[in-house]
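Colleague: Build me a structure from this.
(2 chains)
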Amino acid sequence: MDVYFIVTQLISGFTMATLLFLVASGLTLIFGVGNIFNFAHGSFYMIGAYFGYQLVSVWKVNFWIALVAAGAGAGVVGMAAEYLFLRRIYGRAQEGGFQILLTYCLILIFDDLVKLVWGTEYKSISKPAGFEGALHWGEIAIPTYNFAIIFIGLVVVLAAWWILSRTRAGRIARASAVDREMLGSLGVNVPLTLTVVFGLATALGGMTGALAAPLRSVTPGAGIEVIIDSLIVVVLGGMGNFWGAWMGAMLLGEVNAFAVAFVPEWATLFSYLVMVVTLIFKPEGLFAPTRLRKA
Amino acid sequence: MFSSSKYKFGLLWSIGFVVFALVPVLMTSRYQMNLASHILIWGLFAVSFNMLWGVTGMLSFGQALYFGIGAYSIGLFVTHAGKGWYLAAIPIGLVVATGLSFLIGLLVIRVSGVYFTMLTLAFAQLAWQITFKWYNFTGGDDGIQGIIAPGILADKMVYYYVILVVVFLSVWFLKRLAYSPFGLILRCIQQNPNRVRFIGRSVKMNQLRIYVISSFFAALAGTLMAGVDNSIHTDMLYWTTSGEVILMSVLGGINQFFGPFIGAVILILLEDIIGAKTEYWPIFLGTIIMVFVIALPRGVVGELRHIKHRLKGTDEPGGRHETHAAA
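Modeller: Now for the predicted structure:
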């Protein structure tokens, strides 16, 4: 086994990990701040991918503008979904179960809506201008688009860190994770905060969908594949833990990249194995700083 | 009061049995009997699932695992060992599913809430992935076709009555269980696990018990399913199958013992009616369930019972949980 092979796999794993992180970060953000378990997060990824397709391939919009617009579009759909549906079941007995169910319904509805609008065929987006080629280093060639993805991932990580830990908005978001009632009595509009956070999280998911579209094809079932992977990431990192999600995504991305290289047939098995082992031995997440689990 | 409701209950029970027993007599096509078989089997599956969620408060998203094991035990024995193994495969499948549910149960009861849901989902998806990829052994995406029950069971009419008897006996057993002292402990676990500990009962032990029992009946439903369509498919292990029984339970009402069964009846009939007219059945399903989750969380059975109590002017016996116990 030579060094080129390892580097290729590492970078390809890193690219996948970045995409995984971008989706999963939205999932973990909603769970951490709003204590909402959004099973339909993958569907917002899919919606973003279709918005991207519509803008780039049909309306010939510039790729980078389309990326932002697709994210914004998915965010608006997300805010509408939270405002119209999810908000109505907050605080109910067995809320967790009903959240899973309600968002499961959203998956069914969004999947079909997408089929109604765009049909069932595979759609594709071409890579943006200037990123079609590859960088060559010895025997290996790495597509420049992969570097763009990694770069965007890093920007989002840093921006999210800055917003969450250094701004007033981030402080409000973190406070609503701890004590909503107290936050409300301090004069903060808590329901609005939750709607906005939900919108931001789904916008992240939607943008990732458009970002990943040139690498994967856009299909109606894309949401379901994505949600399972993001769940694994979120579980690895600890539910609601932003940094944990990043580490979890890196771990899963690399495990997948090397599993695909050595045992391609059984590669997907490893994701589930990692998740099962984590949940059994450290359900609060591999990278969780404190023990959150209650006996 | 108590005994009269008991009689009423026996009456409803008999009506249900007679209606299902008359299906083969009154049917106009074989398809209707097939539909009734599906309803019975899914009804059992949903009721067994609801012992976990509605009664004990453990939302498993992985009961498809045991449903699939039940079906695949028959499919695999018939293809690899010969047709003579059909009947022997049923107890073997049930033992395998029960043993596996005990081992997995030991692991999943360590966590609760969303983590429990995710871990059960992960185990089921693991099994689905193996079944899907292990083409030489399981037939992969093709599934297994041509599973014919031996002897007199090959007759669809006979097989239907076997399903009917097995399902009614199982549901009767589960109902006895739900209103036994054990069932009471299970409801306590949902409402206040600490008090269960105070009275000297083990939360984990009882959770494990109901997990194994529920999984056994899911597997039983799976073994029955193998003979209905004469074929099985990896979708039986997929997470949408686990999702389906959850939807049935909510539709019927998770705090009512018969809620999930009624939910299965409604869902399968609706799917048959709407699904025949449009390929966009999921969007109807999603919308219907969403209405129930938001506006009618008691489910069909629960809302009807609620309306009845309102009309009579009597208070519903206690809160939402007691309505279950009073059925």
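
Colleague: which stretches of the stretch 1-150 of chain B aren't confidently modelled?
Modeller: For the stretch 1-150 of chain B, the stretches flagged by pLDDT under 70 are B:1-5.

Colleague: Swap in 90 and give it another go.
Modeller: For the stretch 1-150 of chain B, the stretches flagged by pLDDT under 90 are B:1-34, B:54, B:78-87, B:107-119, B:121-123, B:125-126, B:129-130, B:132-150.

Colleague: which residues in it form helices?
Modeller: For the stretch 1-150 of chain B, the helices defined by DSSP state H, counting those that start in this stretch cover B:2-26, B:30-50, B:64-80, B:86-108, B:114-133, B:135-138.

Colleague: got it, and the stretch 151-300 of chain B?
Modeller: Assigned helices in the stretch 151-300 of chain B, in chain order: B:156-178, B:181-191, B:193-198, B:203-228, B:239-252, B:259-277, B:281-295, B:299-312 (criterion: DSSP H, counting those that start in this stretch).

Colleague: of all those helices, which lies closest to A:Glu225?
Modeller: helix B:239-252 (11.6 Å; CB to CB). (C-beta placed from N, C-alpha, C; glycine too.)

Colleague: List, one by one, the residues from the stretch 1-150 of chain A near chain B.
Modeller: Counting by CB under 8 Å from any CB of the partner chain, the residues of the stretch 1-150 of chain A close to chain B are A:37, A:85, A:88-89, A:92-94, A:96-98, A:100-102, A:104-109, A:111-113, A:115-116.

Colleague: Make a markdown table from the helices of the stretch 1-150 of chain B and add mean neighbour count and distance to B:Ile294 to it.
Modeller: Shown next, in a markdown table, are the helices of the stretch 1-150 of chain B (neighbours: other CB atoms under 10 Å in any protein chain shown; distance: least, CB to CB, whole Å):
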| stretch | mean neighbour count | distance to B:Ile294 |
| --- | --- | --- |
| helix B:2-26 | 11 | 29 |
| helix B:30-50 | 23 | 20 |
| helix B:64-80 | 26 | 26 |
| helix B:86-108 | 18 | 29 |
| helix B:114-133 | 23 | 20 |
| helix B:135-138 | 13 | 40 |
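
Colleague: pLDDT score for residue 189?
Modeller: Let's take chain A. A:Asn189 carries a pLDDT value of 89.

Colleague: hmm, I had chain B in mind actually
Modeller: 91.

Colleague: Now do B:Gly82: how many residues are near it, please.
Modeller: 9 (other CB atoms under 10 Å in any protein chain shown).

Colleague: how near is it to B:Leu76?
Modeller: According to CB to CB, to the nearest Å, B:Gly82 and B:Leu76 sit 11 Å apart.

Colleague: about what we covered before: need the helices of the stretch 151-300 of chain B in CSV (columns: mean neighbour count).
Modeller: Output for the helices of the stretch 151-300 of chain B, formatted as CSV (neighbours: other CB atoms under 10 Å in any protein chain shown):
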stretch, mean neighbour count
helix B:156-178, 17
helix B:181-191, 18
helix B:193-198, 13
helix B:203-228, 23
helix B:239-252, 26
helix B:259-277, 20
helix B:281-295, 19
helix B:299-312, 16
